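# Model the following, please.
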Amino acid sequence: MNVRRSAAALAASAVLCVGVAPAALADTAPPASPSASPVIPSGLYGKSDPGYDGVWRQSFALLAQDTVGVKPAAQAVDWLVGQQCANGSFPAFRADTAKDCDATAYIDSNATAAAVQALTALGGHGDSVKKAVAWLKSVQNEDGGWSSNPGGAMDGGTDANSTAIVISALATAGEKPADVKSKAGKTPYEALLSFQLGCAAEPAADRGAFAFQPVDGKLLANGDATAAAALAGLGTGSAVVPSGTDTPAAPLTCPAAGAADPVAAAQGAAGHLAEALKKDGHLTAVTPGSDQPTPDTGNTVDAVIALAAAGHKQSAAGALEWLKANSAQWANGSPAALGTLILAAHATGTDPKSFGGTDLVAALNATGPAPQGPDTDATTVKDDSSDDQNLWWIIGAGGAAGVGIGILLSGRRKKNQL
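Predicted coordinates:
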């Protein structure tokens, strides 16, 4: 869920039965970019136009810092808190916080859910979290799920990605998602599990996967939705506590047992992800205008986090090594991408300060206001940095600038923000 995605990208991924490169899992087009040369607020991480993903990338930057024992800059936290609307929701971004959100604001369930995870982890923002959770509950669809732009002009109806990340946010905030029922009496898990490909799916390798939304009445496997749904089914957010167990992921049990069990569904999703990673060590996507699959770095990171959360670090080991060698260009300068890589390293017990030859934490910190320092209340990661650790990023630095943010933005996931 490290990159935000457009509706067009997610629709293409569904048609092609693949995921595309953070939750964020959007089913609609984003708001128009506010300007060709955006003014970046001093408290915001990243230098690209925040109109699509400001709250999303800030949330993942702060969550990653907190997870590895870095105390974020006060102005960075204040910026995120200041983005909240009076009704408790968070937009993708609002430049003028002196005025409350109006009808032109792109109110984003994904951004709100990400902010809930970050502010809950940081602590001290109970009122903001409470208001955000209340808003999420208020815009729950009758089927129990969520869309990315609830009640907005681009509300595309319930989708698996938005539903999954909201479930994770609710669980992170101390709610019991199974008890959060719609006016029709439906739970979030009822909505989410309706998107899972079961034992009748063909090819058999797709069994256990999740679709973003039905396409012509059919469920098509989507890597982004699958990774997000695995975390939601396990009742965890993106900041995964390293598991004390490590077993190989297994395919969905057929005939399906406990089909209504979120944990069983999550394990089935993990089995699908593990199988999909076996061939090349990464997930793939077919981008618009091409008929050839290319590596999907964003969803590969999400898959590693999901597998680690499910207790299958050995099934994620190959993908983790692939990321160490191949994620530099994708992540360079992107707070959301760097933050999610840090979360993947943390979830697998890997040192994020020595990841493929670089210090991910230092790279993230450099994209925004300097943190206050190590959090003395948290367990800090061991610093094994050396003078050679920046080489990895120098090699990949040139390629990131050409990546268009308009294609890879908000749907887990959802999101390649540079």
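
# Please compute how far the helix or strand A114 falls within lies from its chain's middle.
A114 belongs to helix 109-122 when assigned by DSSP states H and E. Distance of helix 109-122 from the chain centroid (Cα atoms, centre = their mean, to the nearest Å) equals 11 Å.

# helices or strands next to that helix in the packing?
Counting by 3 or more Cβ pairs under 8 Å, 6 or more residues apart in numbering; DSSP states H and E, the packing neighbours recorded for helix 109-122 are helix 54-67, helix 74-82, helix 126-138, helix 160-172. In this view, the C-beta of every residue, glycine as well, is placed from N, C-alpha and C.

# Can you tell me the number of residues neighbouring P242?
Using other Cβ atoms under 10 Å, P242 has 14 neighbouring residues.

# which ones are touching it?
When the contact criterion is Cβ atoms under 8 Å, 6 or more residues apart in numbering, the partners of P242 are A308, K313, H346, A347, T348, G349.

# make it 7 Å
With contact taken as Cβ atoms under 7 Å, 6 or more residues apart in numbering, P242 is in contact with A347, T348, G349.

# Thought A319 was touching the second one, still the case?
It refers to T348. No - T348 lies out of contact with A319 (Cβ atoms under 7 Å); the separation is 9.7 Å.

# what's the overlap in contacts for those two?
Counting by Cβ under 7 Å, 6+ apart, the contacts common to T348 and A319 are V304.

# Which one, of the helices and strands packed on helix 109-122, ends up nearest to A276?
Across the helices and strands packed on helix 109-122, A276 has its closest neighbour in helix 160-172 (16.4 Å, Cβ to Cβ).

# now the angle from the closest one to helix 126-138?
Angle, helix 160-172 to helix 126-138, by axes from the mean of the first three to the mean of the last three Cα atoms, to 10 degrees: 140 degrees.

# now helix 160-172 and helix 109-122, what's the angle there?
For helix 160-172 and helix 109-122, the angle between their directions (the same axes, to 10 degrees) works out to 20 degrees.

# And helix 160-172, what does it pack against?
Applying 3 or more Cβ pairs under 7 Å, 6 or more residues apart in numbering; DSSP states H and E, we find helix 160-172 packed against helix 109-122, helix 126-138, helix 188-193, helix 223-234.

# low-confidence ranges in the stretch 201-350 of the chain?
Applying pLDDT under 70 to the stretch 201-350 of the chain picks out residues 256-259.

# ok, which stretches of it are helices?
Secondary structure of the stretch 201-350 of the chain by DSSP state H, counting those that start in this stretch: the helices cover 223-234, 262-278, 297-309, 313-326, 328-331, 335-347.

# Single out the most deeply packed of those.
Of the helices of the stretch 201-350 of the chain, the one with the most neighbours on average (mean count of other Cβ atoms under 10 Å) is helix 223-234, at a mean of 33.

# Quick one: list the elements packing against it.
Judged by 3+ Cβ pairs under 7 Å, 6+ apart, the packing partners of helix 223-234 are helix 160-172, helix 262-278, helix 297-309.

# now those helices as JSON lines including distance to N365?
Shown next, in JSON lines, are these (distance: least, Cβ to Cβ, whole Å):
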{"stretch": "helix 160-172", "distance to N365": "23"}
{"stretch": "helix 262-278", "distance to N365": "30"}
{"stretch": "helix 297-309", "distance to N365": "19"}
